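[1] what's the 3D shape of this:
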Amino acid sequence: MPLGEMSRGDPSRLELADGAPDFPALMSFDRFLLRCANLRAQSQKLLKYPRLVDICTSSLRLYWAAFWKEVALKMKNGVRQDGDETLSVQSLNPIYTQVGATLGNMDNLVPTDYPLPAEHYLSPPAAAFEDVKTPRLHVEYWHPHIHTPPAELYLGASTARQQLQYFSYYDQHVFSDKIIAEWLSELKDATLWYLGQPHGNDTPLQSKL
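    Numbering: from 1, shown residues only. Below is the predicted model:
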């Protein structure tokens, strides 16, 4: 349900850009800020839950065990007489076609200067280096690499050096490169509209893609 201009008035009178309403019609900037605040509050409560790691570990283990068991059984029963092993992704039940996650701020998780400073929680004993204040290695660029299961589309986001990064991995037997590129382009446009420009209020905005 749209929470912008489309929620008030006749949607048929809206002007379309490339076949779709503009961003204010889909979600106003104030509603965007409200959703961000709600999500931040929910995330803080979730991360403070004492059994969060146990719940995530057990749920992932059960999901993947059941998923790959079904894949193995389908492949075993789907071997044809000519020896060609085929498996239709539509035969899987259920099909997780879209997954997304944000890795958050990666500056503290993936340092760029080594040796690490003595105050860093991953730093080795200072005695291991003559001068830990002078970095000997600097990481210019890093990128996550994820192997997606059959039929899955994964969209991820992270922040590093005050830059927002999007990355996507998908099953090329199911999704076309053209559609994924178009979707990511729309996602970038939405990010620039909500975060890359002022909206006539006192909310400071500074973003990089």
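[2] Listing request: residues of this structure with sub-threshold pLDDT.
    1-17, 19, 59-68, 70-97, 125-133, 201-209 (pLDDT under 70).
[3] Any buried residues in the helix or strand containing Phe167, and which?
    In this assignment (DSSP states H and E), Phe167 forms part of strand 163-170. The neighbour-count check on strand 163-170 (16 or more other Cβ atoms under 10 Å) flags Leu164, Gln165, Ser168, Tyr169, Tyr170 as buried. Heads up, the C-betas are built off the backbone N, CA and C, glycines and all.
[4] again, but for stretch 173-189
    Neighbour-count burial for stretch 173-189, counted by 16+ other Cβ under 10 Å, picks out Phe175, Ile180.
[5] What strands line up against the strand holding Phe167, and which way round?
    Strand 163-170 has its sheet partners listed here by DSSP bridges as strand 153-160 (antiparallel).
[6] can you list the residues that contact the strand it pairs with?
    Strand 153-160 is contacted from outside by 97-107, 110, 142, 144, 146, 148, 164-171, 174-175, 180, 187, using Cβ atoms under 8 Å, 6 or more residues apart in numbering.
[7] at 10 Å instead, please
    Residues from elsewhere that reach strand 153-160, judged by Cβ atoms under 10 Å, 6 or more residues apart in numbering: 96-107, 109-110, 112, 141-144, 146-148, 164-171, 174-175, 179-180, 183-184, 187, 191, 207-208.
[8] Cross those against strands and list the overlap.
    98-105, 164-170 (DSSP state E).
[9] mind listing the helices for this structure?
    23-26, 29-47, 52-77, 177-195 (DSSP state H).
[10] Please tabulate those in CSV, including the columns distance to Glu152.
    Listed next are these as CSV, based on distance: least, Cβ to Cβ, whole Å:
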stretch, distance to Glu152
helix 23-26, 26
helix 29-47, 23
helix 52-77, 10
helix 177-195, 12
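[11] So which of those is the most surrounded?
    Per-stretch averages of neighbours, counted by mean count of other Cβ atoms under 10 Å, single out helix 23-26 among the helices of the chain, with a mean of 18.
[12] just checking, what packs against that one?
    With contacts taken as 3 or more Cβ pairs under 10 Å, 6 or more residues apart in numbering; DSSP states H and E, helix 23-26 sits against strand 16-17, helix 29-47, helix 177-195.
[13] nearest to Ser123, of these?
    Closest approach to Ser123 among these (Cβ to Cβ): helix 29-47, 24.1 Å.
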